[in-house]
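S.K.: What follows is a predicted structure for the sequence shown.
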Amino acid sequence: MRDIDHFIDGGPHASGDRHGDVFDPNSGQVQARVRLGTAADLEKAMERARAAQPEWAATNPQRRARVMFKFKELVEANMESLAALLSSEHGKVIADSKGDVQRGLEVIEFACGIPHVLKGEYTQGAGPGIDVYSMRQPLGIVAGITPFNFPAMIPMWMFGVAIACGNAFILKPSERDPSVPVRLAELMKEAGLPDGVLQVVHGDKEMVDAILDHDDIKAISFVGSSDIAHYIYSRGTANGKRVQAFGGAKNHGIVMPDADLDMVVNDLAGAAFGSAGERCMALPVVVPVGDKTANALREKLVPAIEGLRVGVSTDAEAHYGPVVTQAHKEKVESYIQMCADEGGELVIDGRGFTLQGHEKGFFVGPTFFDHVKPSFRSYQEEIFGPVLQMVRAESFEDAVRLPSEHQYGNGVAIFTRNGHAAREFAARVNVGMVGINVPIPVPVAYHTFGGWKRSGFGDIDQHGPEGVRFWTKSKKITQRWPDGSATGENAFVIPTMG
Ligand code: NAD
């Protein structure tokens with residue numbers, strides 16, 4: 001049995017006797033054991049981080065950026081093996097794993113430009129003989145706690161920007177697919193990153209609590225489910241840390257009567273079922289406006305869903321693979337039962353799906369419900385599986401209200417040919433990221449990412465310029481160089497630069 005160790009001080013760190021099982025979701029078998037660390041393991045990493053961070057921060061930003069350039073090259077060179085490793089623990093198909101790596105790399109590309117974005121502001125002559133300038137300085141040692149569903153992209157979102165800014169970074173990845181994060185840390189070392197600047201500690205709540213309570217960790221970025229996000233935010237901020245914590249989602253796709261339905265069906269199938277629905281930017285709710293639109297959409301959607309191919313993650317023809325664990329499969333199936341019990345029309349039932357030769361794999365077939373009501377618990381909560389719920393709206397107003405009133409506010413999409421309706425929708429909807437004829441509106445790396453309501457706690461978004469703000473503090477300097485002509489102005493009055 002392969003053991004997955006912490007990555008501390010530039011190499012594996014094996015200690016402790018608590019382990020978590022890492023499955024191959026395709027076969028249902030345990031394929032490795034990951035260490036579940038303790039506060040003592042974290043302390044080991046902190047010692048090294050404390051030693052390494054000041055020198056890294058003092059390394060000029062161009063040199064720090066060169067490590068990022070080299071890392072980008074190495075990840076590209078290792079793309080095939082990273083994607084295979086990712087798929088083997090997560091279950092998503094290989095092409096989708098490559099997308100996971102690629103979307104993270106795009107943040108690394110942004111981080112390659114760090115010298116430019118770290119430049120401060122300068123005002124010459126803000127007052128008589130007075131200049132004011134600002135600089136952005138790293139926070140010191142910071143941490144990221146990441147979910148299972150993007151084990152490459154989300155760690156890179158965080159450590160790419162944090163490290164380029166001059167911080168030392170402690171990564172606590174999901175214990176369900178921890179191998180890719182370790183591999184990324186190894187590649188950062190190979191790219192020239194000094195030991196101790198990026199370290200990976202594995203674990204569950206015990207390790208997370210140790211991070212939340214450690215005095216020397218100045219900031220925490222979290223991505224995961226909402227209850228945990230709220231907990232991380234509350235405990236981390238109570239301990240005086242800067243925290244951003246992104247949570248779950250239930251994204252709606254609004255279909256206006258004038259939408260191109262063939263395009264919608266194609267986009268919806270991918271956005272609802274791709275990666276087995278295990279994406280925070282998936283579209284698990286479709287909201288056609290008017291019964292005529294709903295009926296026409298349903299007629300096209302049903303055969304498209306029935307035609308989806310579920311397969312092992314190495315099957316190049318498969319649209320999606322298994323979900324991550326048996327427990328998650330059971331949770332998704334229990335939501336299917338709940339929605340049926342609540343009165344949803346179960347048009348396509350994906351329960352009981354098995355794949356020949358992989359009977360123990362964690363597969364769930366594509367599932368489609370019509371006539372789902374906003375009062376259903378199965379609508380209000382996140383299912384995070386290959387389940388699409390259709391909620392029929394009577395009007396555009398209804399369609400704006402549904403995602404706006406939902407507890408989650410991560411992403412939303414509207415499909416229409418009407419520019420005015422799209423513009424109104426984008427302005428009014430109470431959701432953080434909006435797609436207009438774009439089903440998965442994840443902004444590019446040099447913009448920022450972040451949802452609203454229970455999808456995001458804290459006030460600074462992820463990556464891009466917001467990421468730089470999150471991982472640095474600004475220092476403001478007001479300077480005066482006396483020229484000997486001081487006139488004895490009243491020093492007891494607040495200076496006004498007048
Ligand atoms: P999760 O909340 O179970 O786990 C996330 C992290 O929290 C993991 O590192 C895990 O070890 C840790 N954790 C789990 N239970 C904990 C506890 N009781 N105390 C402290 N730490 C704990 O989430 P997941 O199942 O890995 O990921 C899926 C969730 O993440 C979904 O809800 C999805 O919507 C969300 N997600 C959100 C975004 C976003 O940007 N908003 C992006 C991706 C995923």
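M.R.: Arrived safely.
S.K.: so how far is the ligand from the nearest residue to Ile211 once chain neighbours are set aside?
M.R.: Spatial nearest neighbour of Ile211, chain neighbours left out: Ala143 (5.1 Å); criterion: CB to CB, 6 or more residues apart in numbering. For the C-beta atoms, the positions are set from N, CA and C on the backbone; glycine is no exception. Distance, Ala143 to the ligand, by CB to the nearest ligand atom, to the nearest Å: 11 Å.
S.K.: Which single residue of the stretch 151-300 of the chain ends up nearest the ligand?
M.R.: Gly224 (2.6 Å; CB to the nearest ligand atom).
S.K.: average pLDDT across the strand or helix carrying the residue nearest to Ile211?
M.R.: Applying DSSP states H and E as the criterion places Ala143 in strand 141-145. Across strand 141-145, the average pLDDT comes to 98.
S.K.: residues of it that come out buried?
M.R.: 141-145 (16 or more other CB atoms under 10 Å).
S.K.: thought Gly385 was touching Ser275?
M.R.: No: at 10.3 Å, Gly385 and Ser275 do not qualify as touching, with contact defined as CB atoms under 8 Å.
S.K.: ok, back up a step: which secondary structure elements does the strand holding Ala143 sit against?
M.R.: Where contact means 3 or more CB pairs under 8 Å, 6 or more residues apart in numbering; DSSP states H and E, strand 141-145 is packed against helix 39-58, helix 153-164, strand 168-172, helix 205-213, strand 217-223.
S.K.: and of those, who's closest to Asp260?
M.R.: Closest of the helices and strands packed on strand 141-145 to Asp260 is helix 153-164, at 29.4 Å (criterion: CB to CB).
S.K.: Relative to the whole chain's centre, how far out is the closest one?
M.R.: Distance, stretch centre to chain centre, for helix 153-164: 11 Å (CA atoms, centre = their mean, to the nearest Å).
S.K.: Can you give me every residue that contacts Glu405?
M.R.: Going by CB atoms under 8 Å, 6 or more residues apart in numbering, Glu405 touches 374, 430.
S.K.: and the stretch 251-400 of the chain, which residues reach the ligand?
M.R.: Contact residues (CB under 6 Å from any ligand atom) of the stretch 251-400 of the chain with the ligand: 280, 382, 384.
S.K.: check which helix or strand covers Phe425.
M.R.: Assigned by DSSP H and E, Phe425 belongs to helix 419-428.
S.K.: and for that helix, what are the contacting residues?
M.R.: So helix 419-428 is in contact with 254, 256, 396, 399-400, 404, 414, 416, 434, 436-437, going by CB under 8 Å, 6+ apart.
S.K.: Tell me the buried residues in stretch 40-58?
M.R.: For stretch 40-58, by 16+ other CB under 10 Å, it's 41-42, 44-46, 48-49, 52-53, 56-57.
S.K.: Now do that stretch, average pLDDT.
M.R.: 98.
S.K.: again, but for stretch 342-352
M.R.: pLDDT averaged over stretch 342-352 gives 97.
S.K.: Could you point out the helix or strand that follows the helix or strand where Val67 lies?
M.R.: Using DSSP H and E, Val67 falls within helix 61-77. Remark: after helix 61-77, the chain's next helix or strand is helix 79-90, criterion DSSP H and E.
S.K.: Just the buried residues of stretch 333-346, please?
M.R.: Counting neighbours by 16+ other CB under 10 Å, one finds that the buried residues in stretch 333-346 are 333, 335-336, 338-340, 344.
S.K.: One more: stretch 208-221?
M.R.: 208-212, 214, 217-221.
S.K.: Then stretch 154-161?
M.R.: Those would be 154-161, for stretch 154-161 by 16+ other CB under 10 Å.
S.K.: again, but for stretch 262-278
M.R.: Of the residues in stretch 262-278, 264-265, 267-278 count as buried by neighbour count, 16+ other CB under 10 Å.
S.K.: So for it, mean pLDDT?
M.R.: Mean pLDDT, stretch 262-278: 97.
S.K.: so how far is it off the chain centroid?
M.R.: On CA atoms, centre = their mean, the centre of stretch 262-278 falls 19 Å from the chain's centre.
S.K.: and that stretch, C-alpha only, in CSV?
M.R.: Taking Å, rounded to 0.1, in the frame of the first residue of the first chain, the C-alpha atoms of stretch 262-278 are listed here in CSV:
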residue,chain,number,x,y,z
ASP,A,262,-29.7,23.5,-29.4
MET,A,263,-26.9,25.5,-28.0
VAL,A,264,-28.5,25.5,-24.5
VAL,A,265,-28.9,21.7,-24.6
ASN,A,266,-25.3,21.2,-25.5
ASP,A,267,-24.1,23.7,-22.9
LEU,A,268,-26.4,22.4,-20.2
ALA,A,269,-25.4,18.8,-20.6
GLY,A,270,-21.8,19.6,-20.2
ALA,A,271,-22.3,22.1,-17.3
ALA,A,272,-24.7,19.9,-15.4
PHE,A,273,-23.1,16.5,-15.9
GLY,A,274,-19.4,17.3,-16.7
SER,A,275,-17.1,16.1,-13.9
ALA,A,276,-20.2,14.2,-12.5
GLY,A,277,-21.6,17.5,-11.4
GLU,A,278,-18.8,17.9,-8.9
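S.K.: OK, contacts around the residue sitting nearest the centre point of the chain?
M.R.: Closest to where the C-alpha atoms of the chain average out (CA atoms, centre = their mean) is Ile154, at 4.7 Å. Ile154 sits next to 104, 144, 146-147, 223 when contact means CB under 8 Å, 6+ apart.
S.K.: Kindly report the same for Val287.
M.R.: Taking CB under 8 Å, 6+ apart, one finds 252-255, 390-393, 399, 402-403 in contact with Val287.
S.K.: Out of those residues, which sit inside helices?
M.R.: Counted as lying in helices by DSSP state H, out of these, are 399, 402-403.
S.K.: ok, back up a step: give me the local confidence score for the residue of the stretch 151-300 of the chain closest to the ligand.
M.R.: At Gly224, pLDDT is 98.
S.K.: Correct me if wrong: it contacts Thr146.
M.R.: Yes: if you go by CB under 8 Å, Gly224 and Thr146 touch, sitting 7.5 Å apart.
S.K.: shared neighbours, the two?
M.R.: Ser174.
S.K.: Pick out whichever of those two has more residues nearby.
M.R.: Thr146 (26 against 22; other CB atoms under 10 Å).
S.K.: Leaving out chain neighbours, which residue sits closest to the more buried one?
M.R.: Ile154 (4.6 Å).
S.K.: contact partners of the helix holding Val67?
M.R.: Outside helix 61-77, the residues that touch it by CB under 8 Å, 6+ apart are 56, 82, 101, 105, 108-109, 111-115, 118, 160, 163-164, 166, 184, 187-188, 190-193.
S.K.: redo that, cut-off 7 Å
M.R.: 82, 101, 105, 108-109, 111-112, 114-115, 118, 160, 164, 166, 187-188, 190-193 (CB atoms under 7 Å, 6 or more residues apart in numbering).
S.K.: Then stretch 452-465?
M.R.: For stretch 452-465, using CB under 7 Å, 6+ apart, the contacting residues are 107, 110, 117, 157, 161, 221, 226, 229-230, 233, 243-249, 407-410, 430-432, 445-450, 466, 469-470.
S.K.: ok, and of these, which contact the ligand?
M.R.: Filtering the contacts of stretch 452-465 for proximity to the ligand by CB under 6 Å from any ligand atom leaves 246-249, 410.
S.K.: the helices in the stretch 301-450 of the chain, which residues?
M.R.: 326-341, 377-380, 396-405, 419-428 (DSSP state H, counting those that start in this stretch).
S.K.: so how far is the longest one from its chain's centroid?
M.R.: Helix 326-341 has its average C-alpha position 24 Å from the chain's average C-alpha position, going by CA atoms, centre = their mean.
S.K.: Tell me how many other residues surround Thr416.
M.R.: So Thr416, with other CB under 10 Å, has 21 neighbours.
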